[in-house]
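*Asks:* Mind looking at a prediction? Sequence and model below.
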Amino acid sequence: MKVLKQSEVNNLIQLHQSGQFALAEKNAKELLGEFPQELILHNILGVSQEAQKKFKEAAESYRNALKIQPQFAEMQFNLGSALYQLGDNQGAIQQYQKAIQIKPDLVVAYFNLGIAYQNESQFDQALSAYQKAVELEPGFYEAYGNIGAVYLLQGDFDAAILSFQKSLNIQDHARGHFNLGNAYRNQGHLEKAIQSYHRAIEMNPHDAETCSVLGDALWHQGKIQEANQYLRQAVTLNEDNPIANYNLATFLHDNKKFQEAYDFYKASQMKDWEERALYCLYKTKQFDLFEKELNGVMLKKNTSPLLATLSTHFARNFHKKDRYNFCPDPLHFVFHGQVDALKDPNDDLLKSLLHDITEADISERMQSRLVNGIQSSGNLFKRKEPSFKRLAGEITLLIKKYYDRYKHEESMFIKAFPKTIEFSSSWFVKMQTGGHLSSHIHEEGWISGAVYLSIPQQKNHPDEGGIELSIDGDDYPRMHDDFERKLYLPQVGDVVFFPSSVFHRTIPFSSHEERICIAFDLKPASV
């Protein structure tokens, strides 16, 4: 009986270790023709196929090995890894769980199990798996980093920061500083975020993504030249990096360099790049190319607020039918109501909110459309202050009532309305004399709005301090002036919300009193 020689196995291992994966795969297959029951051959074949990104073939090799020895924990793990690469998270989860049942101290299986759960948005299960990994291996800094990432996704910024700091205490690494920067930024600490990004760049100066997010953060801090430097450096480091291209495009877009922005949006192929590229064409009056690309994008996307804005404006501008059914009559869906607790003199919610806005440690964010005012960074409704949490709850109740009012409407804005009310962003805006926001929409929202905490009472004109809503704005090219508008004059405690595709602006005011509101966006998790 012929026996597999150790030298033959060693040769395969050497081929794999030297990067000759195709030859290792070929030789392993030949040896398996002679020794089909040898586990080591199936394993080397599988890992060589994985190294060539032949994940389907690798999975089959691992399955063949498991037919010989089902209680092989590492092979169950390998199969899970191949299935994960194939996008089969549930299949990967099952295999990792089998590996753990066979070998309860297989740390890497808990870690990968956490990643698979995280990708499925099963965050509690992901946390449990990562925590088991660090329990078994207290120095597993990558697991602490992933715990922080889950907390960040859940909006628990304090816990995220603590986990990222634990990871960095074990191992000072560039990705850890990058993650910590993201947590600080979400918490509203823009300067701390920038410091963390700088530290990550010092440790890994060739990381395009870190360069890009640093540039984006500097831009929002108002440091335009530095932002431009890092954003362009990111694209130089990796011209194919989607985040680098998208962030640079958005920066150029905001600085009215639309043709250049168009090219970088096209290169990014990321998020809402198609709508934003269309925006650049429309702003530069390339109407024929705009209409051609608009028709193509509408066939692929039916839930885009920015696409709705462009389609509606173009249709009205050129007296055409608006064929996009996201929200073809957006001003019909405007709501003007009130938060009763803010108007109740016996309730301290208003006082608490004004105190927390003034005293809380929240960085300002540069906003190019805002004149004589400041805007907060981070997501207010994700912060720990009780006042912000309570206000979020009050607005959530109003939005649920709002949906009930419109739930029988046929537009996609209502049909795909968020099933769970979760604020994707929220921030305060404080304006002084002459303060105003120029016309804009919230491209990344679904429904947008503002609740008013302080409104100037002294006016030279009755419209001062009001909010104007329209299907026209942002200096879009106009062939005529026949566009609908609505003006609201909010008082303290009022709330106005509307589809995110609606243009809105603040009318400048002359009073020396402050105008303070909290603005917000929410959108479905899948959009």
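*Replies:* Sure, I can see it. Numbering: from 1, shown residues only.
*Asks:* Going along the chain, name the helices of the stretch 301-450 of the chain.
*Replies:* Taking DSSP state H, counting those that start in this stretch to define them, one finds helices in the stretch 301-450 of the chain at 305-317, 340-343, 349-359, 386-406, 412-415.
*Asks:* Could you export the ones you listed to TSV, including columns for mean neighbour count?
*Replies:* Every C-beta, even on glycine, is put in place using the N, C-alpha and C of the backbone. Listed next are the helices of the stretch 301-450 of the chain as TSV, based on neighbours: other CB atoms under 10 Å:
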stretch	mean neighbour count
helix 305-317	23
helix 340-343	16
helix 349-359	16
helix 386-406	16
helix 412-415	18
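*Asks:* Pipe the ones you listed into JSON lines and attach mean pLDDT and distance to Q118 per row.
*Replies:* Formatted as JSON lines, the helices of the stretch 301-450 of the chain follow (pLDDT from 0 to 100; distance: least, CB to CB, whole Å):
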{"stretch": "helix 305-317", "mean pLDDT": "96", "distance to Q118": "28"}
{"stretch": "helix 340-343", "mean pLDDT": "96", "distance to Q118": "37"}
{"stretch": "helix 349-359", "mean pLDDT": "95", "distance to Q118": "32"}
{"stretch": "helix 386-406", "mean pLDDT": "95", "distance to Q118": "25"}
{"stretch": "helix 412-415", "mean pLDDT": "92", "distance to Q118": "29"}
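*Asks:* Skipping adjacent residues, who's closest to G176 in space?
*Replies:* Spatial nearest neighbour of G176, chain neighbours left out: L168 (4.4 Å); criterion: CB to CB, 6 or more residues apart in numbering.
*Asks:* make that Y110, sorry
*Replies:* Nearest non-adjacent residue to Y110 (CB to CB, 6+ apart): A133, at 4.1 Å.
*Asks:* got the CA positions of whichever helix or strand E260 is part of in CSV?
*Replies:* Secondary structure from DSSP states H and E places E260 in helix 258-268. C-alpha atoms of helix 258-268 as CSV (Å, rounded to 0.1, in the frame of the first residue of the first chain):
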residue,chain,number,x,y,z
PHE,A,258,-18.7,71.0,-10.1
GLN,A,259,-17.0,69.7,-13.2
GLU,A,260,-14.0,68.4,-11.2
ALA,A,261,-16.4,67.0,-8.5
TYR,A,262,-18.3,65.2,-11.3
ASP,A,263,-15.2,63.3,-12.3
PHE,A,264,-14.4,62.2,-8.7
TYR,A,265,-18.0,61.1,-8.0
LYS,A,266,-17.8,59.0,-11.1
ALA,A,267,-14.5,57.5,-9.9
SER,A,268,-15.9,56.7,-6.4
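*Asks:* got the angle for the helix or strand that it is followed by vs helix 305-317?
*Replies:* The helix or strand immediately downstream of helix 258-268 is helix 273-283, counting by DSSP H and E. Orientation check (axes from the mean of the first three to the mean of the last three CA atoms, to 10 degrees): helix 273-283 against helix 305-317 gives 30 degrees.
*Asks:* Which strands or helices does helix 273-283 pack on?
*Replies:* Counting contacts by 3 or more CB pairs under 8 Å, 6 or more residues apart in numbering; DSSP states H and E, helix 273-283 packs against helix 242-254, helix 258-268, helix 287-300, helix 305-317.
*Asks:* Dump these into CSV; add distance to I507 as well.
*Replies:* Converted to CSV, the helices and strands packed on helix 273-283 look like this (distance: least, CB to CB, whole Å):
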stretch, distance to I507
helix 242-254, 23
helix 258-268, 27
helix 287-300, 30
helix 305-317, 21
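*Asks:* and of the ones you listed, who's closest to I362?
*Replies:* Proximity to I362 (CB to CB) singles out helix 242-254 among these, at 22.0 Å.
*Asks:* what's that closest one packed up against?
*Replies:* Looks like helix 242-254 contacts helix 208-220, helix 224-237, helix 258-268, helix 273-283 (3+ CB pairs under 8 Å, 6+ apart).
*Asks:* ok, and what's touching the longest one?
*Replies:* Okay, so that is helix 224-237. 206-209, 211-212, 214-216, 218-219, 241, 243-245, 247-248, 251, 255, 264 (CB atoms under 8 Å, 6 or more residues apart in numbering).
*Asks:* Helix or strand: which one has the residue nearest to G176?
*Replies:* Per DSSP H and E: helix 157-170 holds L168.
*Asks:* Next secondary structure after that helix?
*Replies:* helix 174-187.
*Asks:* Tell me the first helix or strand C-terminal of that next one.
*Replies:* Assignment by DSSP H and E places the next element after helix 174-187 at helix 190-203.
*Asks:* Centre of the chain to that following helix, how far?
*Replies:* 20 Å (CA atoms, centre = their mean, to the nearest Å).
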